[in-house]
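**Q** fold the following and give me the result.
(chains A and B)
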Amino acid sequence: MDFNLSKEQQMLAETLHRFGSKEYSFENRRRILESSSGFSREVWSTLAQMGLLSLQIPEEHGGMGGPGIETMLTMQAMGRALLLEPYLESAILATTLIRDLGSSAQNKALLPALAAGELIAVPALLERGSRYDLSRVHTTAVRSGDGYVLNGDKALVVHAGTAGLFIVSARTEGEIDDEAGISLFAIERSAKGVSLESYPTLDGRRAADVTLREVRIPNEALLGPFGAAYPALAQAWDLGIAAVCAEAVGALDTIFQLTVEYTKTRRQFDVPISRFQALQHRMADMLIHVEQAKSMAYLAAMRSGERDPAARGRAVSAAKVRVGQACRAVGQEAVQLHGGMGVTEELSVSHYFKRLTAIELSFGDTEHHLEKFARSRDPALS
Amino acid sequence: MDMSFTAEELAFRDEVRAFVSSNLPDAIRAKVLNGVRIPKEEQSRWHQILHRQGWGAPNWPREFGGTGWGPIEQFIFEEECAAAGAPALLPFGLKMVGPVIMAFGNARQKERYLPRIASAQDWWCQGYSEPGAGSDLASLKTKAIRTGDHYVVNGQKTWITYAQYADWIFCLVRTDPAAKQQAGISFLLIDMKSPGVSVRPIATMGGHHEVNEVWFEEVRVPVENRVGEENKGWTYAKFLLGLERTNIAAVGTSKRELRRLKRIASLERKHGKPLIEDPYFAARVALIEIELMALEITNLRVLSAESERRAPGTEASLLKIRGSELQQAISELMMQALGPSALSMQQGTIPSEGAREQLAPPYPEPLAATYCNLRKTSIYAGSNEIQKNIIAHAILGR
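**A** Below is the predicted model:
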């Protein structure tokens, strides 16, 4: 039992801190937020130079092989910085899926480009009406000649407009909710028959619904085993949950500190409002939420690499529930304690609030994971 | 960073598990598993069994007859004991007065009192609260006036857990009535058999006799029974408050009770189906379980920081607040699991064979009685509101 960071991990944390306070200051972020793409090529290159795009890349391709703690630290920093770029989607989710499922030819072609920041790949897994069920896939892929033809609609593809490559789930066999019969395909955005309906999301990021109409792709676009991609997909998704929990912790920590500082400086009735017990106790509750969420984000980081889906799922669902509760409670309280200033775009607190709200709704909301957890078997009960 | 137990910690856990499993008397286990209060003799008996193993003072350093275990080992020990249905060791000697004597007592006091605590020969109780001094402890009025080599103590203490069994009481008393509140307080050890000490039981709503009033009328206490300096007692009391972190959250006990809740809820039926399958009830259980998972990790984080002697901050308060709330929430749901049957205060018999849990009513200890009894957890040891004040003070300053 050891909760200390190694020297290397501490150095990483410091580097990440510098990135967040300098390159990704609130002002710089605002410029990206207001730009048309909502994405900074420059920032993405910086992330590549820092080696952060290589975290999930296997060592034989010059990466770090997906270290849990480093990934957690990085995501915490992204949460503090309120990163708008698709780090989680490309550098964690898509990269992991390609790494775990790709043929050596695919890995050779894609991983170096991902690590260098030349290629951005994002998953296109959800569909309108699928909610959070990865197995509820209507999109179809049918064999045809030397390849496949895809038809379907993917929803909420984050930064679809910036990405060069989509990792698309499609049904190649089976019924609508079957885990068996799902295949993954790497499809270029520029492929014929792919069209985007773009929109901003609550937290200021860009997303799109992606329509696939008679999209013809070669055999080499199949990623992983035909009809049997689900286990790897679920594993990557759980890794994503752990990552988003860590991101939430970074944002929670920051919004809590901002609130504490604000109440110490804001004066009413001739005293700082931090003197009022009605507010003090709410901040004590916020602290408890932050610490409990932090503990569960650690748990998720530690367990998300486990192969056994049941044990892994129990841990990450528990984490997402606890973190989700904290996102809602701490976010809402932070806005409330900032008073009128809390609802303005001018202060960062509202931006953290929106990202925390978005995190709660992503990767399975609190209710989704509460239900999953409640239905899982408790190994402590014989 | 590594959140799993080391090989040594796992070996230690197995050693404790094996020892408790083969040495805990069935009669005691059956009571604990069924929420029944342990009588003094059995509490002492278990403590003496541990003492013979060299584990009579799990939280003490070796030089005072303790185990020398670190915080993580102590946590593992308490969790294993709780899981197996062993009664928790009473904190008054081991975790309260013992460490104060070690830190501030003189050599004679250490020699006289500590071995008898570790061996369960002496029972201690805590004389802090008074009718007019609860959360505002420093307003206490019990007076100790020095005459020669004695103090003469007059006053009333209240909420004294197990005063009816105790051989000794450690008290905060006012030795300088003129000084500012916190300044005139001293820390006295008083023999419960002293003339002028009387104990009056307080009946609480669960129907138990745990707490008492203790009255002091012209009680003569030798000056040598004062720990540390005169009028410095408040410092020692505060030292104590920040000390107890290993079991303040009662994670082990709550884990055991949560398992019992699940077993009860799989036998109880709603609309003819096991209650545990009712989505609404299952969700409430799941929320508690998740909070407890988080609290266990938070607790281990705190202890691991403590192992390196990093200064603790608000953590003890956090653990106390959430730990007490969880104990209450589990007992509330256990009571709720029975539906209207929870109203019955009929007492069942303790299952003797194999020292098992009784999973259907009538329970040896009615679940509603436990629910009533556990209301105390958010009130005692610094009410949860006081704990929030402590957190606020730490993060906001004054």
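
**Q** every contact and neighbour count from this point should use C-alpha atoms.
**A** OK.

**Q** now the residue of chain A positioned farthest from its centre: how far from chain B?
**A** Relative to the mean C-alpha coordinate of chain A, counting by CA atoms, centre = their mean, the farthest residue is A:Asp270 (43.7 Å). Per CA to the nearest CA, to the nearest Å, A:Asp270 is found 15 Å from chain B.

**Q** same check, this time on A:Tyr262
**A** 10 Å.

**Q** tally of neighbours for that residue?
**A** 17 (other CA atoms under 10 Å in any protein chain shown).

**Q** any idea which element it lies in?
**A** Using DSSP states H and E, A:Tyr262 maps to helix A:230-265.

**Q** again, but for A:Tyr148
**A** strand A:147-158.

**Q** contact partners of that strand?
**A** A:86, A:89, A:122-128, A:138-143, A:170, A:205-220 (CA atoms under 8 Å, 6 or more residues apart in numbering or on different chains).

**Q** do the same with stretch A:65-82
**A** A:9, A:12-13, A:16-17, A:20-21, A:24-26, A:52, A:55-59, A:88, A:242-244, A:246-251, A:253-254, A:298, A:301-302, A:305, A:351-352, A:355, B:1.

**Q** narrow these to those that are buried.
**A** With neighbours counted by 16 or more other CA atoms under 10 Å in any protein chain shown, the contacts of stretch A:65-82 contain buried members at A:12-13, A:16-17, A:20, A:24, A:26, A:52, A:55-58, A:88, A:242-244, A:246-251, A:253-254, A:298, A:301-302, A:305, A:351-352, A:355.

**Q** so for B:Ala355, what's the pLDDT?
**A** B:Ala355 is assigned 71 on the pLDDT scale.

**Q** excluding chain neighbours, what is closest to B:Leu359?
**A** Nearest residue to B:Leu359, sequence neighbours excluded (CA to CA, 6 or more residues apart in numbering or on different chains): B:Ile264, at 5.4 Å.

**Q** what is the neighbour count of the one you found?
**A** B:Ile264 has 23 nearby residues by other CA under 10 Å.

**Q** quick check, it in a strand?
**A** No - judged by DSSP: H, G, I helix; E, B strand; the rest coil, B:Ile264 forms no part of a strand; its state is helix.

**Q** surely it touches B:Gln336?
**A** No - judged on CA atoms under 8 Å, B:Ile264 makes no contact with B:Gln336 at a distance of 10.7 Å.

**Q** quick check: residues of the stretch 1-150 of chain A near chain B?
**A** Residues of the stretch 1-150 of chain A lying close to chain B by CA under 8 Å from any CA of the partner chain are A:1-6, A:69.

**Q** most neighbours among those, please name it.
**A** For the residues of the stretch 1-150 of chain A next to chain B, the largest neighbour count, defined by other CA under 10 Å, is 18 neighbours, found at A:Ile69.

**Q** pLDDT at the residue nearest to A:Ser25 when sequence neighbours are not counted, what is it?
**A** The shortest distance from A:Ser25 to any non-neighbouring residue, by CA to CA, 6+ apart, is to A:Ala81 (7.2 Å). Note for A:Ala81: predicted pLDDT of 97.

**Q** what is the neighbour count of A:Ala81?
**A** 25.

**Q** ok, now B:Arg146?
**A** 16.

**Q** what sits against it?
**A** B:Arg146 sits in contact with B:152, B:175, where contact means CA under 8 Å, 6+ apart.

**Q** if you set the cut-off to 6 Å instead, what comes out?
**A** Residues in contact with B:Arg146 (CA atoms under 6 Å, 6 or more residues apart in numbering or on different chains): none are found.

**Q** so what does it look like in phi/psi?
**A** phi -80, psi 130 (degrees, to the nearest 10).

**Q** show the pLDDT at it.
**A** Looking at B:Arg146, its pLDDT reads 97.

**Q** wouldn't B:Gly206 be in contact with B:Leu367 here?
**A** No - when contacts are counted by CA atoms under 6 Å, B:Gly206 is not listed as touching B:Leu367 (9.8 Å).

**Q** when the two are compared, which one has more neighbours?
**A** B:Leu367 (28 against 16).

**Q** my guess is the more buried one meets B:Gln336, correct?
**A** No - checked against CA under 6 Å, the pair B:Leu367 and B:Gln336 is beyond contact range at 9.1 Å.

**Q** helix, strand or coil: sort out B:Val214 for me.
**A** Classified using three-state DSSP, B:Val214 is strand.

**Q** how is the chain divided into domains?
**A** I went with chain A, as the question did not name one. Here the domain parsing of chain A from automatic domain parsing is A:7-119, A:122-223, A:230-375.

**Q** meant chain B actually
**A** Listed domain ranges for chain B are B:7-88, B:124-231, B:251-396 (source: automatic domain parsing).

**Q** could you dump those domains into TSV with distance to A:His338 added?
**A** Shown next, in TSV, are the domains of chain B (distance: least, CA to CA, whole Å):
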stretch	distance to A:His338
domain B:7-88	39
domain B:124-231	30
domain B:251-396	15
